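> 3D, please:
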Amino acid sequence: MVSRQLELTVAHASGRSPLAVTIDRLVVAGWVGRDKAALGHHIEELGKLGVPAPSRTPTYMNLSPMILTTGDTMAVVGPESSGEVECVLIKDGDAIFVGVGSDHTDRAFEKYDIPASKQVCAKPVAPVVWELGQVRGHLDRIVLRSWMTTGGKRRQYQEGRLAANIDVMEILDNIPTADGLDMPRLCLFCGTFPAIGGIECGQRFEFEMEDPVLQRKIHHAYQVTCLPQYL
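Predicted structure coming up:
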């Protein structure tokens, strides 16, 4: 079994505490929008890049947990890749934590094999998480944002409330289980929002999750370097 250990920090109302968690399964959910028109827009957005439409929604992709990282740098093998801000659930036995990450994807490869286009890129997650119990009653009000820097120019790339998507706990509960893969120690990426102005590739990606009720944020960023190839 391939596993990945993450060293995280749980932010409580009264302070912070360390969390070392071993992830045995990584699942990335896609096409999770509640608004069918907006969902169709995102499918169309990807279709312009040659990405085939899904046969079901939402989709669930099993990837290797080894690509999870809390680092602030990423090396990719192709110049056409970009991030997507997503709510992340980390399940460690009976305990569930809420975090934020980026489903970084190789856009050129995505036209041919969607799961593989996600597997070839690291999956950054912010090193800070919240306990589910502290936010469960107002999950729909949580806001996700991202920013892209391309050629030295930074712009807002995404923004949306979790209310726009299927409830993240519903996404978690509906993960297919007939495949026999482990569930107790799981990391789930819960889907994203359409890019403002269309999908773009850049050299730096920033993302954050805001809790307007408890007035706090989790922010993370990473640099992207494209490795030279000699074929």
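> what's the neighbour count on H138?
14 (other CB atoms under 10 Å). C-beta coordinates here come from the backbone N, C-alpha and C atoms, glycine included.
> Phi first, then psi, for it.
Here is the backbone geometry of H138 (degrees, to the nearest 10): phi -140, psi 30.
> Wait, it touches A163, no?
No: with contact taken as CB atoms under 8 Å, H138 and A163 are classed as non-touching, separated by 10.0 Å.
> Could you list the low-pLDDT ranges of the protein?
By pLDDT under 70, the weakly predicted segments of the chain are 1, 42.
> Follow the chain on from the longest helix anywhere in the chain and name the next helix or strand.
Assignment by DSSP state H gives helix 36-47 as the longest helix of the chain. Counting by DSSP states H and E, the element after helix 36-47 in chain order, helix or strand, is strand 59-63.
> what does that following strand rub up against?
25-31, 114-115, 118-119, 123, 175-176, 179, 181 (CB atoms under 8 Å, 6 or more residues apart in numbering).
> what lines up beside it in the sheet?
strand 25-30 (antiparallel) (DSSP bridges).
> what about the helices in this protein?
Residue ranges of the helices in the chain, as given by DSSP H, are 36-47, 107-110, 114-119, 132-135, 168-173.
> Please tabulate these in CSV, including the columns distance to A53.
Output for the helices of the chain, formatted as CSV (distance: least, CB to CB, whole Å):
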stretch, distance to A53
helix 36-47, 5
helix 107-110, 13
helix 114-119, 11
helix 132-135, 32
helix 168-173, 19
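> and L227, which of these is closest to it?
helix 107-110 (14.4 Å; CB to CB).
> Which neighbouring elements make contact with that closest one?
Under the contact criterion of 3 or more CB pairs under 8 Å, 6 or more residues apart in numbering; DSSP states H and E, helix 107-110 touches helix 114-119.
> List the buried residues for the helix it packs on?
Across helix 114-119, burial judged by 16 or more other CB atoms under 10 Å covers 114, 117-119.
> just to revisit the earlier point, let's see the longest helix of the chain as PDB, backbone CA atoms only.
Extracted as PDB, the C-alpha positions of helix 36-47 are listed here (Å, rounded to 0.1, in the frame of the first residue of the first chain):
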ATOM      1  CA  LYS A  36     -26.600  22.900 -13.700                       C
ATOM      2  CA  ALA A  37     -26.100  25.900 -15.900                       C
ATOM      3  CA  ALA A  38     -22.800  26.800 -14.100                       C
ATOM      4  CA  LEU A  39     -21.800  23.100 -14.300                       C
ATOM      5  CA  GLY A  40     -22.500  23.100 -18.000                       C
ATOM      6  CA  HIS A  41     -20.300  26.300 -18.300                       C
ATOM      7  CA  HIS A  42     -17.400  24.600 -16.600                       C
ATOM      8  CA  ILE A  43     -17.800  21.500 -18.800                       C
ATOM      9  CA  GLU A  44     -17.900  23.800 -21.800                       C
ATOM     10  CA  GLU A  45     -14.900  25.700 -20.500                       C
ATOM     11  CA  LEU A  46     -12.800  22.500 -20.400                       C
ATOM     12  CA  GLY A  47     -14.300  21.400 -23.700                       C
END
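> Report the angle between that helix and strand 25-30.
Interaxial angle of helix 36-47 relative to strand 25-30 (axes from the mean of the first three to the mean of the last three CA atoms, to 10 degrees): 110 degrees.
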